[in-house]
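J.: sequence first, predicted model second:
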Amino acid sequence: MKLKKEKVMLVDSSDNLRHVIKDYLEMSGYDVVDYNGGLDANKSFNKGLYDICIIDVALKNYDGYKLLQNMRKLDKNVPIIILSSYTSKEARIKGFNLGCDDYITKPFSIEELGLRMQAILRRCQNNAPREYVNEDEVIKFGNFSLNYTEMQLIHPKITRTLTRKECELLKLLLDHKNKLVPREIILREVWGEDDNTTSRSMDVFMTKLRGYILVDYEDKVLPKKDGERKVKYKDGFQPTVEICNIHGTGFMMRVLEN
């Protein structure tokens, strides 16, 4: 058990500046993952759980504002700081309109960047102390284990790395196993909003999670017939782990205890 470090995404096309910032932040106690391009950063953001992000909008071969927009669509709350050589009022306004929490123009004081990060993180955490966590926290259910920190769903046959949303969704169901979790609660806790678009997205994610869990019962699942949507099992077989859709109401992670 040890104090969890804040995880930082750092995106800047300048190798020299990026390395200087990374070294400074790591010496200050942060866990830093850095990228020199927006495309890789965009892919990583969907898989990694970051406490704060620092991005340059003038990226090579990728629109930094588009990266900011994509990040904000996936996570409405993660703090995002823009570092930019664009000093105009219009550039600043565009950044804030797309969802950044702070806009710092180059050149800048690296000590000031550190202080701004601390101030934003304090506001986000409501001055709460950092939580002491087990970095190898594992939630076991049936023949599966969820390594929440590493975002891995582990089964004797396969270890699957989950996306951010898949991991959060699965953990929410497991936190309330054998209990109905209403749709609106899931949408609020995992997506932060409740509308038709996110509701359809949730259904897609649930279908994917069900597919991951079926690896435990591949020889027990009957082939689907035309028009069938629900998974059916062979007569007399009852799965020990199953995500149940309570039609129009919500979902339940059903886990049969030994």
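T.: Structure received.
J.: strands of the stretch 51-200 of the chain, residue ranges please.
T.: Under the criterion DSSP state E, counting those that start in this stretch, strands of the stretch 51-200 of the chain are mapped to 52-56, 58-59, 62-63, 80-84, 102-105, 132-133, 138-141, 144-147, 152-154, 159-161, 181-182.
J.: can you give the contact residues for the first one?
T.: The one in question is strand 52-56. The contact list for strand 52-56 (CB atoms under 8 Å, 6 or more residues apart in numbering) reads 6, 8-14, 21, 38, 41, 45, 64, 67-68, 71, 78-84, 113, 117, 120-121. Where C-beta positions appear, they are placed from N, C-alpha and C, glycine not excepted.
J.: over to the last one?
T.: Residues outside strand 181-182 that contact it (CB under 8 Å, 6+ apart): 172-173, 249-252.
J.: what strands line up against that strand, and which way round?
T.: When pairing is defined by DSSP bridges, strand 181-182 lines up against strand 250-255 (antiparallel).
J.: got a list of contacts for the strand it pairs with?
T.: So strand 250-255 is in contact with 141-142, 173-174, 176-183, 185-186, 206, 240-246, going by CB under 8 Å, 6+ apart.
J.: then it to CSV, C-alphas only?
T.: The C-alpha coordinates for strand 250-255 follow below in CSV (Å, rounded to 0.1, in the frame of the first residue of the first chain):
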residue,chain,number,x,y,z
GLY,A,250,-31.3,-1.2,-15.9
PHE,A,251,-28.7,-3.9,-15.7
MET,A,252,-27.5,-6.3,-13.0
MET,A,253,-24.2,-8.3,-12.7
ARG,A,254,-25.5,-11.6,-11.4
VAL,A,255,-22.7,-13.6,-9.7
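J.: contact partners for the closest residue to Ile104 other than its chain neighbours?
T.: Distance criterion CB to CB, 6 or more residues apart in numbering; nearest residue to Ile104, sequence neighbours excluded, is Leu83 at 5.4 Å. By CB under 8 Å, 6+ apart, the contact list for Leu83 reads 12, 54-56, 104, 106, 108, 113.
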